[in-house]
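Trainee: Please find the sequence and the predicted model below.
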There are 2 protein chains.
Amino acid sequence: MARADDLFIGVDLGGTNIEAAAVRNGEVLASKKKKTRPEKGVDTVIERIARTVRGVFKKMDATPEDFAGLCIGAPGAVDPATGIVHAAPNLDWTDVPLGEVLRERLGLPVFVDNDVNIGLLGEYVYGAGRGALHMVGIWVGTGIGGGLIVNGQLVSGWRGAAGEIGHMVVQPHGRRCGCGREGCVEAYASKTAMMAMIEEAMESGGKSVVPDIMAKKGKKSLTSSVIEDALEAHDEPMMEAVETAQFYLGLLTANLVNVLDPHVIVFGGGLVERLGEAFVEPVAATARTYYLQQQNAERIRIVPSALGDDAGPVGAAVVASRRL
Amino acid sequence: MARADDLFIGVDLGGTNIEAAAVRNGEVLASKKKKTRPEKGVDTVIERIARTVRGVFKKMDATPEDFAGLCIGAPGAVDPATGIVHAAPNLDWTDVPLGEVLRERLGLPVFVDNDVNIGLLGEYVYGAGRGALHMVGIWVGTGIGGGLIVNGQLVSGWRGAAGEIGHMVVQPHGRRCGCGREGCVEAYASKTAMMAMIEEAMESGGKSVVPDIMAKKGKKSLTSSVIEDALEAHDEPMMEAVETAQFYLGLLTANLVNVLDPHVIVFGGGLVERLGEAFVEPVAATARTYYLQQQNAERIRIVPSALGDDAGPVGAAVVASRRL
């Protein structure tokens, strides 16, 4: 087995950015970021990943031989055994042998896993979940992702489909979700849902500065920075959308506490990184009113990600060190 | 370690009945049932348990020495390490050293655990969950109980509070639940909730034969046999209450599938034993419309308990054989 104090490359492959980092003992020593540009096709993206990693080599003045291995987190359904990304809708990828190709390009052992699970593992081993045995991760983005750790182990489920917490239905016959069903948490709490709610408010005559902010920033969708600016401008529809999202995330948190009894619930994703405690505290307040007040309930920790952007690369290094 | 083909006593201690059985290899060889009579106090109940167990000895023409050990499932918060029942509201028990007292009375090793977990383990090892790695149990009674098996292990959670699936909130600001919150599954799907819904229907002028059936049977609450008779009489409020319960149990099932990805969801409790598939099939149909249609979703099994009343004693024997 590799040791945690070996040097690893951890990569976080997102729909927008590729982040690669040299990691030792849970610490990022050097990192490099590039745009993903999925619209340019699979080969270009893989080449961009390789260049991002080589950028880290260069920053560290190192060669592939200096690293024990590389692990990359991909957004979608991944087979860790083969390194194949079976389906990554954000990248428009189907059955891409990412592990094998990267191994050939970079000349070091490569492991592939799901990005949310990897980020969760980073938080679990080196971040907000350190020392806990049971933990839940809730990632707020264009969707609501999540992961579960029970008895110190990632829960994959029977089909590898566990952790679809964004599709917990908490409002029967409620808002339509991207999955086609109604009343999922994701239909109230994702950035996509917030944008839809703002548009509805404007259609019924509400005023919002969100479209202006988006235009000024050249954004086509509701990004975390747009949300932050709109909140700072005390934009009414934006504040209401965020409050709605927080309420449903609180309900989701309480339901997961009642079902799984985790010690730590960690929130991550760009929006949470940007707003931090200010976003998570109202979520926690709602959760506290909805979970059972059993022994030590007041000691359940509901917190923002401690590692932020580094959770991905740090978690990836954990996976690599465990697999080697 | 004891072997599964040793002879064990498995006991299920409920608020109404005590059931004790001699079990070998998951099979009940002889059993004995007595009323619990919790209103007569702790000592009387423990004496009644001991007499039920001695009744099994007698039926088997055996002595305590013929058994490797005894395990008893109690309804409430139990510390398996000490055998103390910390809180069992149905029995009005607080901090009862059940394991120690029974050991002295009966002269064989005694283990104590939570009744729902034990029943779930019975179904997992010898019943509906046989061969699965991930399973959820949903028990429909005066409340909605539950248990989870992930990676082949019972999930206890950080505080031993996992599995409170009846308090998953699926209807914000919905019906008031016994726990004081609003919109829990238990507030729609328990026998207590069904009774409340029937009373409400009658208050708004609906006709129901339920009170007559209860009077004729001398029942003070809505028992499973009353429900069965009312359904056979095509009682409108009863049918509506059961349909409501089934809808919310379906939603709960779907949410647990999306979160945990179990292979098997088993339904138990007196009502399910009585109505079987006829009760579970509409629940499964709702669940299928609410869980994500990912790979092999059609192979998820949503089934009634296979062991029925025997799940408790059989599961208790599993616990005893594992602990010895």
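Mentor: Thanks, I have it. Numbering: from 1, shown residues only, chains lettered A, B, ... in the order given.
Trainee: Ends of stretch A:65-74, what's the gap?
Mentor: The first and final residues of stretch A:65-74 sit 24 Å from each other (C-alpha to C-alpha, to the nearest Å).
Trainee: That stretch: which residues count as buried?
Mentor: A:67, A:68, A:69, A:70, A:71, A:72, A:73, A:74 (16 or more other C-beta atoms under 10 Å in any protein chain shown). For glycine as for every other residue, the C-beta is placed from the backbone atoms N, C-alpha and C.
Trainee: Could you work out the most separated pair of those residues?
Mentor: Farthest pair in the buried residues of stretch A:65-74 (C-beta to C-beta) is A:68 and A:74. Separation: 20.5 Å.
Trainee: between the buried residues of stretch A:65-74, which is nearest chain B?
Mentor: residue A:74 (17.2 Å; C-beta to the nearest C-beta).
Trainee: Wait, the closest one touches residue A:85, no?
Mentor: Yes. Using C-beta atoms under 8 Å, residue A:74 is in contact with residue A:85, at 4.8 Å.
Trainee: show me the contacts for residue A:72.
Mentor: Residues counted as contacts of residue A:72 (C-beta atoms under 8 Å, 6 or more residues apart in numbering or on different chains) are A:10-13, A:49, A:98-99, A:102, A:110-113, A:316.
Trainee: joint contacts of residue A:74 and residue A:85?
Mentor: Residues touching both residue A:74 and residue A:85 (C-beta under 8 Å, 6+ apart) are A:91, A:93, A:98, A:112.
Trainee: picking that back up, using ChimeraX, define a selection of the buried residues within the contacts of residue A:72.
Mentor: Filtering the contacts of residue A:72 down to the buried ones (16+ other C-beta under 10 Å) takes a single ChimeraX command:
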select /A:10,11,12,13,49,98,99,102,110,111,112,113,316
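Trainee: Out of the contacts of residue A:72, name the ones that lie in helices.
Mentor: Judged by DSSP state H, those include A:49, A:98, A:99, A:102, A:316 as members of helices.
Trainee: would you list those in TSV and tack on distance to residue A:204?
Mentor: As requested, the ones in helices among the contacts of residue A:72 are exported to TSV (distance: C-beta to C-beta, whole Å):
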residue	distance to residue A:204
A:49	45
A:98	45
A:99	50
A:102	50
A:316	45
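Trainee: Turn the residues you listed into CSV, including pLDDT.
Mentor: Below are the ones in helices among the contacts of residue A:72 laid out as CSV (pLDDT from 0 to 100):
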residue, pLDDT
A:49, 98
A:98, 98
A:99, 97
A:102, 97
A:316, 96
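Trainee: Just give me the closest of these to chain B.
Mentor: Distance to chain B, by C-beta to the nearest C-beta, is smallest for residue A:98 among the ones in helices among the contacts of residue A:72, at 19.5 Å.
Trainee: Wait, that closest one touches residue A:82, no?
Mentor: No. Applying C-beta under 8 Å, one finds residue A:98 not in contact with residue A:82, separated by 9.8 Å.
Trainee: do you know how far the closest residue in space to residue A:244 that isn't next to it in sequence is from chain B?
Mentor: Excluding its sequence neighbours, the residue lying closest to residue A:244 (C-beta to C-beta, 6 or more residues apart in numbering or on different chains) is residue A:188, at 5.6 Å. For residue A:188, the distance to chain B (C-beta to the nearest C-beta, to the nearest Å) stands at 10 Å.
Trainee: and the stretch 51-200 of chain A, which of its residues are near chain B?
Mentor: Neighbours of chain B within the stretch 51-200 of chain A, by C-beta under 8 Å from any C-beta of the partner chain: A:132-134, A:148, A:150-151, A:153, A:155-165, A:167-172, A:179, A:181.
Trainee: For PyMOL, what selects the buried ones among those residues?
Mentor: Buried residues among these (16+ other C-beta under 10 Å), as a PyMOL selection:
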select buried, chain A and resi 132+133+134+148+150+155+156+157+158+159+160+161+162+163+164+165+167+168+169+170+171+179+181
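Trainee: Okay, and which of the residues of the stretch 51-200 of chain A next to chain B map to strands?
Mentor: If you go by DSSP state E, these have A:148, A:150, A:153 in strands.
Trainee: TSV for these, including pLDDT?
Mentor: Below are those laid out as TSV (pLDDT from 0 to 100):
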residue	pLDDT
A:148	96
A:150	96
A:153	90
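Trainee: For the residue lying farthest from the centre of chain A, give me the pLDDT.
Mentor: Farthest-out residue of chain A from its mean C-alpha position, per C-alpha atoms, centre = their mean: residue A:205, at 34.3 Å. Confidence at residue A:205, expressed as pLDDT, is 96.
Trainee: same check, this time on residue A:75
Mentor: In this prediction, residue A:75 carries a pLDDT score of 89.
Trainee: Next, it: phi, psi?
Mentor: Backbone dihedrals for residue A:75, given as degrees, to the nearest 10, come out at phi -80, psi 90.
Trainee: Quick check: it touching residue A:88?
Mentor: Yes. With contact defined as C-beta under 8 Å, residue A:75 reaches residue A:88; the gap is 5.4 Å.
Trainee: For chain A, which segments count as helices?
Mentor: A:42-60, A:98-106, A:115-126, A:186-189, A:191-203, A:210-217, A:224-232, A:236-260, A:270-275, A:277-290, A:311-323.
Trainee: contacting residues around the shortest one?
Mentor: Translated: helix A:186-189. By C-beta under 8 Å, 6+ apart, helix A:186-189 touches A:140, A:143-144, A:166-167, A:171, A:174-179, A:192-193, A:244-249, A:252.
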